[in-house]
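Q: Generate a structure from the sequence data that follows.
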Amino acid sequence: MEYAHKVSKLVIGKNYLVAHAILKMGYFKETIISIPINPLKHNDNQFSDVGSHYHIDGRFPVRVANKHDFNVDKFGRTNIIITSDSEYCRYEIKDIRYYKRKCIRLTTGLKPPDTADKYNDWYKSMIGKSCAGKRCPHYGATMIEVNGKLFCPLHNLHGNIKTMKIVEPY
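A: The predicted structure is shown next:
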């Protein structure tokens with residue numbers, strides 16, 4: 001079975017091995033939940049100061065009682081990240097585990113607010129960079145191919161599949 005984070009062209013309805021952050025949540029961190037993530041832990045000092053984190057992989061179901069805590073839209077995107085930095089979260093990462101999950105959509109990634117000036121400036125600085133091999137130039141994540149276009153599942157950089165360069169958002 002294939003690992004979801006290594007596949008650029010997933011198939012809806014097909015099962016993949018998906019990384020999950022095992023979290024302890026709640027005021028007393030008494031509830032344990034599992035959230036699908038892209039397992040590339042990283043920092044985004046160029047546009048964020050939230051520390052090391054993971055991104056939710058919205059291509060797979062978020063199966064928790066209060067899904068709104070993770071704000072995943074119909075395209076699988078969110079501006080919520082998974083981090084153990086206590087300044088930014090209400091949970092603790094206990095472990096990373098892989099589970100077999102069915103793909104429910106082809107898109108995922110960061111959904112920054114319109115007022116994210118640092119992010120927008122950073123995005124502009126990435127335009128024209130190579131995404132050869134369907135690898136994002138930012139952290140080397142496997143880019144997602146949807147309808148002949150490329151998208152980074154982490155920070156939503158868009159790539160032109162013919163030129164293999166980062167382009168303005170579609």
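Q: Is it correct that residue 101 is in contact with residue 35?
A: No. Using CB atoms under 8 Å, residue 101 makes no contact with residue 35, being 11.4 Å away. (Each C-beta comes from the backbone N, C-alpha and C, glycine too.)
Q: Comparing these two, which residue is more hemmed in?
A: Between residue 101 and residue 35, counting by other CB atoms under 10 Å, residue 35 is the more crowded of the two (24 against 20).
Q: Am I right that the more buried one is in contact with residue 60?
A: No. Counting by CB under 8 Å, residue 35 does not reach residue 60; the two are 9.6 Å apart.
Q: And the helices in this protein?
A: For the chain, helices defined by DSSP state H occupy the ranges 117-126.
Q: Show me the shaky parts of it.
A: Applying pLDDT under 70 to the chain flags the ranges 26-29, 65-69, 85-90.
Q: try 90
A: The chain contains residues with pLDDT under 90 at 23-33, 44-52, 61-93, 109-116, 169-170.
Q: what's stretch 71-84 in contact with?
A: 21, 23, 35, 37, 50-59, 62, 69-70, 88-89, 92-93, 105, 107-113, 156 (CB atoms under 8 Å, 6 or more residues apart in numbering).
Q: ok, now stretch 11-22?
A: Against stretch 11-22 from outside (CB under 8 Å, 6+ apart): 1-5, 7, 10, 32-39, 54, 57, 60, 82, 93-106.
Q: And it, what's buried?
A: 16, 18, 19, 20, 21 (16 or more other CB atoms under 10 Å).
Q: Out of those residues, name the ones that lie in strands.
A: 16, 18, 19, 20, 21 (DSSP state E).
Q: count of neighbours near the residue lying closest to the third one once chain neighbours are set aside?
A: Setting aside the residues directly before and after it, residue 19 is nearest to residue 39 in space (CB to CB, 6 or more residues apart in numbering), at 3.8 Å. Residue 39 has 18 neighbours, counted by other CB under 10 Å.
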